[in-house]
Structures are given as structure tokens and as C-alpha cells.
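[1] sequence plus predicted model, see below.
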Amino acid sequence: MKKQATTTAKEVTVLNVYRFKAPLSRICFVIESSNGEDQYNCCFNGDTSHAACGCDRFVKGHKECYHIEQLRGRAQEYFDSRKPAQAEQVVAPLHSNVAEHTLETAPSGRLVPMR
Ligand SMILES: [Zn+2]
């Protein structure tokens, strides 16, 4: 974990990644905010052009934020990796506790675990 005091080169710290199983082509990154205190969920739905982030810039400013910009490459890899293998890729999860939370978008734009 490196923390930078400068605001010039913002670096997205990914705390967790949620990969949704078929038929949902979706990936969410739990990221640390730039102040190191808050957490946001940055999700890509279906493809990398459908992204949503929980940060102020996206929620309040309705602008694509640097989280989305920086995570787009990783999301693209995920979407690419699952497209050709869709039929054979339905593998049972090894550990069905952590990554199996079902998330929904709260009105605030943040994702909350559904119980
Ligand atoms: Zn963001």
C-alpha cells in the first residue's frame, strides 16, 4: 500500500474485485478513494463503455472519473477473457463466501451487499 500525498498522479487502489458469473457479464472493483478513507465501487456492466462509479465525480458530476479510466483496461481483459469461453466457463466457485456477494446499486449510486 503506497500513499501519495501529491494529487498530480492519482493511482487507483483496488481493494477487492467482484466478478459476476454468467449470464451477467459484469465486474466490480472496490477501490479506495483518494483520501484513503472512503471506498467506492466501480463497476462495468456488459462492456467497458457501460461503467458506473460511486465517487463524487461520477455520481454528482456525471462525468467519467479516473477510476473508470484506469480500470477500463482490466475490465476489458475480463470481458475479453470470458467471451470465447462462455460455454465452458461455468465452473463452480472454489470458495463461495467472499466473491459471491450479490451487489445491487443503492439510490446513492453505491453498491450494497444484498442479504
Ligand atoms: Zn470514480
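    Yep, it's here.
[2] what's the weakest-modelled helix or strand in the chain?
    When the helices and strands of the chain are scored by mean pLDDT, DSSP states H and E, strand 103-105 comes last with a mean of 59.
[3] which one is Tyr40 nearest to, not counting chain neighbours?
    Gly54 (3.8 Å; CB to CB, 6 or more residues apart in numbering). Glycine gets a C-beta too; all of them are placed from N, C-alpha and C.
[4] touching, the one you found and Glu32? I think so.
    No. In this structure Gly54 lies outside contact range of Glu32 using CB atoms under 8 Å: 11.7 Å.
[5] between the two, what contacts are shared?
    Gln39 (CB atoms under 8 Å, 6 or more residues apart in numbering).
[6] what residues does the chain put near the ion?
    Residues of the chain found near the ion (CB under 5 Å from the ion) are 53, 55, 58, 65, 67.
[7] how many residues are close by the second one?
    For Cys55, the number of neighbouring residues by other CB atoms under 10 Å comes to 23.
[8] what's the pLDDT at it?
    Cys55 is assigned 93 on the pLDDT scale.
[9] what's the neighbour count on the spatially closest residue to Lys10 that is not a sequence neighbour?
    Of all residues not flanking Lys10 in the chain, Tyr66 sits nearest, at 5.5 Å (CB to CB, 6+ apart). Neighbour count of Tyr66, defined by other CB under 10 Å: 15.
[10] how many other residues sit next to the nearest residue to Cys65 once chain neighbours are set aside?
    Nearest residue to Cys65, sequence neighbours excluded (CB to CB, 6+ apart): Arg57, at 4.2 Å. By other CB under 10 Å, the residues close to Arg57 number 15.
[11] am I right that Arg57 is in contact with Ile68?
    No. Arg57 lies out of contact with Ile68 (CB under 8 Å); the separation is 9.4 Å.
[12] buried residues, stretch 62-79. List them.
    65, 67-68, 70-72, 74-75, 78-79 (16 or more other CB atoms under 10 Å).
[13] pLDDT at the spatially closest residue to Gly46 that is not a sequence neighbour, what is it?
    Closest residue to Gly46 apart from its sequence neighbours, by CB to CB, 6+ apart: Ser25 at 5.2 Å. Model confidence at Ser25, given as pLDDT, is 88.
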